[in-house]
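Engineer: structure of the sequence below:
(chains A and B)
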Amino acid sequence: MRIRSFAVAGFAAGIVVAGLVAPANAATAPKPGSTCMMSGDSRIVDGRAYFCEAGDDENTWSSGVRLKSSDLEINDQWVKAAKSGMTAGFGVITNPTDKPITIVGARSPRYAGLIQLHEVAMQNGSMVMQEKDGGITISAGGSVTLEPGGDHLMFMRLKQSIDAGDMVPVLLITSDGGKLRFKTLAKVYAGANENYDDGNGMGNGGMSMN
Amino acid sequence: MDSSDDSTQPRVTRRGLLTAGGAAIVGAAGGVVLGRATAPATPVADAPAPTAAKPTPRPSVTETNAAAASARQTIDFHGVHQAGVDTPEQTYAVFLGLNLASNSAQDADSVLRIVSDDAARLMAGEPALGDTEPEIAKVPARLSFTIGLGHSLFEKTGRSDMVPTFFPTIPAFSTDELDEYWSSTDFLVQIASDDPLTLAHAQRMVLKDLSTLTTVQWAQPGFRSPTPANEGGRAGRNMMGQVDGTVNPLPGAAQFDTVVWSNGDAVWSAGGTVVVLRRIRMLLDEWDQMDVGAKELVIGRTLDTGAPLGGEDETDEVRFDVLDDNGLPVIPSNAHMRVAHADSDEEMILRRPYTYDAGFVDGKQDVGLIFAAYTADPQRSFIPMQERIAEMDAFNRWNTTIGSSTYFIPPGCAEGDYVASGVFA
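Structural biologist: Numbering: from 1, shown residues only, chains lettered A, B, ... in the order given. Next up, the predicted model:
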């Protein structure tokens, strides 16, 4: 199912950009359970976050979760510079609490129409990027490294180029409504060019990673 | 002879050098430790005869020997001053002359942010963000980064009013044969380490990171003898065999602060310094034609110990007023060390030279000195000294300055900050 939801993403990026960007900024709360286009999309309305969740048949809006400050910490964060299209963000996220915490959403509305939480996995003998089911969970007292070739934040539908030296603001949201705000340094990087598991053989085509 | 007022001056120098002698003893002791720590061989007496060909295990890097300790040694990026100036000279260095690809002040700010971030991590022995060779980063070997700003950077970004008053352009001197190629650029990035691979990695990392923001006009790699090989702490030698850098101020002393660090004419420039980078080609084939005695008269020091003529040790007091049996000064009036001599702390410079070997040009080897002079104000130190040298230094015949550039080295920054933050933002 992840496969299909991402195929939608691939097309959406090319075809219905204008139509999709607007709702993300709209100040109306989506009706939980109603259909949404792109998994990973999110809205923040009246202090509550709503996420577009991948479903078996269709993607639907989650119920709103009240936002609060998160205990998570991030270090060594950076994002690959890109002129347009998509790019990836990385860093080391630490959970100092005694309970696991799951990141379910990420936003950078100034730069990206959408950020998905991705993993890199082996599919049919090649490494592909795909949306990570259930988000990214950091165990109690543990940490997760987002890195090229592994889990990462997929910045999609870039609204402006991310240039080397830019400090890109990002907001991570956890399943219990925790907010982690940080700025991430944009750097030139040649790697992180894994193919997308789009189910359509689109591969990296049409996505500028530079 | 203009020696009458010189006789009172060398005392300052001598005091500094006596302290240097103390450091030399420590250096020598360090050498002994190094020799002993690495000496014990793997005991083989009881080892069974090998049944199959096995590679000989390499000594572990984690062994607590001096070499490993040196490989792990780090220098702080953050601080009042930038590193790489009062840092004891690392064995290898590269000076990178970079130009901003645009005229954007914001891009200039990005350069400073990126270089500072790379520097802070790599100098700490940690990989840079997005480091594709993180393993190399774990051997910092006293890696240092030093960032310099050229006049052209201030101009093209509309910041001409921020050029420090103590950062003048350096004129061409009458003996210079300058190649524009080696001239001042928008940025200087000086990187140094005791490990040449570490240095090469740091250089590649930062240039990759700056690839969309800057272009490289020139790179000047240089080297010098490792400190322990410097004959017990004596200033290093150059390719002419001369002991070079004897009269340097010592880091930590008040004199060093006077000579090197500027009080600034604005908050952002206080604690900075100015570097003058001269690329000096040595005419070694011609120098070879001279006998030792003649060479020593040109310099004013002996070749073996670096002692001033008339003295015995490098640290001996320099006496410009001593005459030989013929009534001529023992240190000739046009000897290099006499012409370059500073009459006060304000006139002194910090010499941090590296030898360059640029291979062969038209069948002739191009070897010389990357003469890096650091001063709180070149107008009171380097420029008058170089004017005297151009006018009368006997040494000029065997040297040609082919490149000259100068940069303001801003002060250091605190953790979480970057060099010259706010100046171009």
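Engineer: who are the contact partners of the residue most central in space within chain B?
Structural biologist: Central residue of chain B (CA atoms, centre = their mean): B:Arg352, 2.9 Å from the mean position. When contacts are counted by CB atoms under 8 Å, 6 or more residues apart in numbering or on different chains, B:Arg352 touches B:Val85, B:Glu89, B:Gly245, B:Ala372, B:Ala373, B:Tyr374. Backbone N, C-alpha and C define where each C-beta goes, glycine included.
Engineer: how about the residues of the stretch 151-300 of chain B that lie near chain A?
Structural biologist: Contact residues, the stretch 151-300 of chain B versus chain A (CB under 8 Å from any CB of the partner chain): B:Lys208, B:Asp209, B:Leu210, B:Ser211, B:Thr212, B:Leu213.
Engineer: how near is the closest residue to the fourth one other than its chain neighbours to A:Lys159?
Structural biologist: In this case it means B:Ser211. Nearest residue to B:Ser211 in three dimensions, chain neighbours excluded: A:Val188, at 5.4 Å (CB to CB, 6 or more residues apart in numbering or on different chains). Using CB to CB, to the nearest Å, A:Val188 is found at 20 Å from A:Lys159.
Engineer: the two: which is more packed in?
Structural biologist: More neighbours surround A:Val188 than the other of A:Val188 and A:Lys159, with 20 against 15 (other CB atoms under 10 Å in any protein chain shown).
Engineer: contacting residues around that one?
Structural biologist: With contact taken as CB under 8 Å, 6+ apart, A:Val188 is in contact with A:Lys80, A:Ala81, A:Ala164, B:Lys208, B:Asp209, B:Leu210, B:Ser211, B:Thr212.
Engineer: what's the pLDDT at the first one?
Structural biologist: According to the predicted model, the pLDDT of A:Lys80 comes to 97.
Engineer: repeat for the fifth one
Structural biologist: The model reports B:Asp209 with a pLDDT of 98.
Engineer: what count of nearby residues applies to it?
Structural biologist: 27.
Engineer: how is chain A partitioned into domains?
Structural biologist: Listed by automatic domain parsing, the domain ranges of chain A are A:2-66, A:68-196.
Engineer: what helix or strand does B:Gly125 sit in?
Structural biologist: B:Gly125 belongs to no helix or strand when elements are defined using DSSP states H and E.
Engineer: in the stretch 301-425 of chain B, which spans are strands?
Structural biologist: When assigned using DSSP state E, counting those that start in this stretch, the strands of the stretch 301-425 of chain B occupy the ranges B:350-351, B:354-361, B:364-375, B:399-409.
Engineer: and those strands: which comes nearest chain A?
Structural biologist: With CB to the nearest CB, the closest approach to chain A among the strands of the stretch 301-425 of chain B belongs to strand B:399-409: 20.1 Å.
Engineer: and that closest one, how far out from the chain's middle?
Structural biologist: 13 Å (CA atoms, centre = their mean, to the nearest Å).
Engineer: same for that strand, what does it pack against?
Structural biologist: Packing partners of strand B:399-409 (3 or more CB pairs under 8 Å, 6 or more residues apart in numbering or on different chains; DSSP states H and E): strand B:144-149, strand B:187-193, strand B:273-282, strand B:364-375.
Engineer: buried residues, that strand. List them.
Structural biologist: B:Asn399, B:Thr400, B:Thr401, B:Ile402, B:Gly403, B:Ser404, B:Ser405, B:Thr406, B:Tyr407, B:Phe408, B:Ile409 (16 or more other CB atoms under 10 Å in any protein chain shown).
Engineer: from these, which is closest to B:Ala202?
Structural biologist: Using CB to CB, the shortest approach to B:Ala202 within the buried residues of strand B:399-409 belongs to B:Ile409, at 17.7 Å.
Engineer: just the pLDDT at the closest one, thanks.
Structural biologist: Reported pLDDT for B:Ile409: 98.
Engineer: burial count for the closest residue to B:Gly311 other than its chain neighbours?
Structural biologist: Among residues not flanking B:Gly311 along the chain, B:Glu317 sits closest, at 6.9 Å (CB to CB, 6+ apart). Neighbour count of B:Glu317, defined by other CB under 10 Å: 15.
Engineer: over to the residue in chain A that chain B sits nearest to: give its phi and psi.
Structural biologist: In chain A, the residue that lies nearest chain B is A:Gly165 (2.3 Å; CB to the nearest CB). Here is the backbone geometry of A:Gly165 (degrees, to the nearest 10): phi 100, psi -20.
Engineer: secondary structure class for the nearest residue to it once chain neighbours are set aside?
Structural biologist: Excluding the flanking residues, the one nearest A:Gly165 by CB to CB, 6+ apart is B:Ser110, at 2.3 Å. At B:Ser110 the chain is in helix, as set by DSSP: H, G, I helix; E, B strand; the rest coil.
Engineer: returning to that earlier point: in JSON lines: the contacts of A:Val188, plus secondary structure and distance to A:Gly55.
Structural biologist: Shown next, in JSON lines, are the contacts of A:Val188 (DSSP: H, G, I helix; E, B strand; the rest coil; distance: CB to CB, whole Å):
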{"residue": "A:Lys80", "secondary structure": "strand", "distance to A:Gly55": "30"}
{"residue": "A:Ala81", "secondary structure": "coil", "distance to A:Gly55": "34"}
{"residue": "A:Ala164", "secondary structure": "coil", "distance to A:Gly55": "38"}
{"residue": "B:Lys208", "secondary structure": "helix", "distance to A:Gly55": "42"}
{"residue": "B:Asp209", "secondary structure": "helix", "distance to A:Gly55": "41"}
{"residue": "B:Leu210", "secondary structure": "coil", "distance to A:Gly55": "45"}
{"residue": "B:Ser211", "secondary structure": "coil", "distance to A:Gly55": "43"}
{"residue": "B:Thr212", "secondary structure": "coil", "distance to A:Gly55": "40"}
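Engineer: give the PyMOL command for selecting the buried subset of the residues you listed.
Structural biologist: To isolate the buried members of those in PyMOL, using 16+ other CB under 10 Å:
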select buried, (chain A and resi 80+81+164) or (chain B and resi 208+209+210+212)
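Engineer: farthest-separated two in the contacts of A:Val188?
Structural biologist: Farthest-apart pair in the contacts of A:Val188 is A:Lys80 and B:Leu210; separation 15.3 Å (CB to CB).
Engineer: assumed B:Trp268 was part of a strand.
Structural biologist: No - judged by three-state DSSP, B:Trp268 forms no part of a strand; its state is helix.
Engineer: give me the neighbour count for residue 111.
Structural biologist: Reading this off chain A. 24.
Engineer: could you do chain B instead?
Structural biologist: When neighbours are counted by other CB under 10 Å, B:Val111 comes out with 30.
Engineer: residue ranges in the stretch 201-350 of chain B under the pLDDT threshold?
Structural biologist: Across the stretch 201-350 of chain B, the ranges flagged by pLDDT under 70 are B:227-234.
Engineer: for chain A, give me its nearest residue in it.
Structural biologist: Counting by CB to the nearest CB, the stretch 201-350 of chain B gets nearest to chain A through B:Thr212 (5.0 Å).
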